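Visitor: From the sequence below, what's the structure:
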Amino acid sequence: MLLHTDEYFLIFSSALQTEGTPNSTESEEVRLVGGDSRCAGTLELKHDGDWRPVRGFGWTLKEANVVCRNLDCGSAVSVGEREESSVRPVWLIYSNCVQSGSSLRDCATSRSSFYILNLTCSDLLVRPNISVSSSTYGVSEAQQQEFRVLRGSTFTINCSIQPQYPGGSFQLTFTSSNTTHNYTQPAVTHSAHFLFPAAEPAHQGNYSCVYHVYVFSHNFSSESRLLSLTVSGKLKQRNCLTDCLHAALER
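Guide: Model (predicted):
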């Protein structure tokens, strides 16, 4: 399906395609530049020692998959052409050459054009961060990404992500031996904080943050590492007899 946006992108979009995708047998010197992620932007190819943008003829998601795989960016989500304000040197690459299994370098021909290719790959989001904090008695770390809080204490699971795109939401997923719960909050300044007023044994388990955002006419998501939480001991109750006596003596 051919779409036209206000940014003069001609985008060919469809479901992610994996069948019949051409394979490149050698590592290509390619990159995506000008986007908010290394997995989205203008396609550039280094050929004969010269980095140039690529002008694609007849490209679909199948050809774009070659680039996304080469960059370890998952699968292609969209591919299209952007019109520049002036003619510039490009590498012209025909889709049928890529489909034959030839490398992008072997398919490249030097040309000048107004049009350059823009790609978006599925793994364009960085991984979110997850952490736990407690305003009551703090958090102890047993091992890496394994934390312990006192029973009855207040704790917060914090989700955050490096700024790339505005908006989005965080989904906190909790999994234990016998249950799974999901909590969702909007991403405010690229973060969300999930408060638990009193830690109980039922809160023991694994937590992960999943960031969701809608950009480039597609939904994208990225998941954090797992955080393991243990609830142990018991929150000590304040001894009013002792504390109140000390307070009275200080007056």
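Visitor: all strands of the stretch 101-250 of the chain, in order?
Guide: Using DSSP state E, counting those that start in this stretch, the strands found in the stretch 101-250 of the chain span residues 109-121, 129-133, 140-143, 146-150, 155-160, 169-175, 180-186, 191-196, 205-215, 218-223, 227-232.
Visitor: Now render those as TSV, adding distance to Thr42 and mean neighbour count.
Guide: Placement of C-beta: from N, CA and C, glycine included. Shown next, in TSV, are these (distance: least, CB to CB, whole Å; neighbours: other CB atoms under 10 Å):
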stretch	distance to Thr42	mean neighbour count
strand 109-121	6	20
strand 129-133	29	17
strand 140-143	43	10
strand 146-150	42	19
strand 155-160	29	20
strand 169-175	29	19
strand 180-186	31	12
strand 191-196	30	16
strand 205-215	16	20
strand 218-223	18	16
strand 227-232	37	18
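Visitor: Mind telling me which of these the model trusts least?
Guide: Least confident of the strands of the stretch 101-250 of the chain, judged by mean pLDDT, is strand 140-143 with a mean of 62.
Visitor: quick one, phi psi at the residue nearest the centre of the chain?
Guide: By CA atoms, centre = their mean, the chain has its centre lying nearest to Leu125, at 2.3 Å. The phi/psi pair for Leu125 (degrees, to the nearest 10) reads phi -90, psi 140.
Visitor: Go ahead and confirm it touches Glu223.
Guide: No: taking CB atoms under 8 Å as the definition, Leu125 is not a contact partner of Glu223, at 9.6 Å.
Visitor: Give me the common contacts of those two.
Guide: Tyr211 (CB atoms under 8 Å, 6 or more residues apart in numbering).
Visitor: I'd like to know which of the strands of the stretch 101-250 of the chain lies nearest to Asp50.
Guide: When these are compared by CB to CB, strand 109-121 sits nearest Asp50, at 8.6 Å.
Visitor: CA atoms of that closest one as CSV?
Guide: Output in CSV follows, covering the C-alpha atoms of strand 109-121 (Å, rounded to 0.1, in the frame of the first residue of the first chain):
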residue,chain,number,x,y,z
THR,A,109,25.5,1.8,-9.5
SER,A,110,26.6,5.4,-9.3
ARG,A,111,23.8,7.9,-10.1
SER,A,112,22.5,11.3,-9.1
SER,A,113,18.9,11.7,-7.8
PHE,A,114,16.4,13.7,-5.8
TYR,A,115,15.2,10.6,-4.1
ILE,A,116,16.7,8.5,-1.3
LEU,A,117,15.5,5.5,0.7
ASN,A,118,14.3,5.6,4.2
LEU,A,119,13.9,2.4,6.3
THR,A,120,12.3,1.5,9.6
CYS,A,121,13.3,-1.8,11.3
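Visitor: Who does it pair with, and is each partner parallel or antiparallel?
Guide: Next to strand 109-121 in the sheet, as set by DSSP bridges, lie strand 40-47 (antiparallel), strand 76-94 (antiparallel).
Visitor: out of these, deepest packed?
Guide: Among the strands paired with strand 109-121, ranked by average contacts under mean count of other CB atoms under 10 Å, first place goes to strand 40-47 (a mean of 21).
Visitor: ok, then the element right after it?
Guide: On the C-terminal side of strand 40-47, the closest following helix or strand by DSSP states H and E is strand 50-57.
Visitor: tilt between that following strand and strand 109-121?
Guide: Calculated by axes from the mean of the first three to the mean of the last three CA atoms, to 10 degrees, strand 50-57 forms an angle of 80 degrees with strand 109-121.
Visitor: What's the first helix or strand after strand 50-57?
Guide: Counting by DSSP H and E, the next helix or strand C-terminal to strand 50-57 is helix 61-70.
Visitor: Report all helices and strands that that next one contacts.
Guide: Under the contact criterion of 3 or more CB pairs under 8 Å, 6 or more residues apart in numbering; DSSP states H and E, helix 61-70 touches strand 30-37, strand 76-94, helix 95-99, strand 109-121.
Visitor: Any chance of the strands paired with strand 109-121 in a markdown table with mean pLDDT and distance to Ala199 as columns?
Guide: Listed next are these as a markdown table, based on pLDDT from 0 to 100; distance: least, CB to CB, whole Å:
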| stretch | mean pLDDT | distance to Ala199 |
| --- | --- | --- |
| strand 40-47 | 94 | 40 |
| strand 76-94 | 94 | 40 |
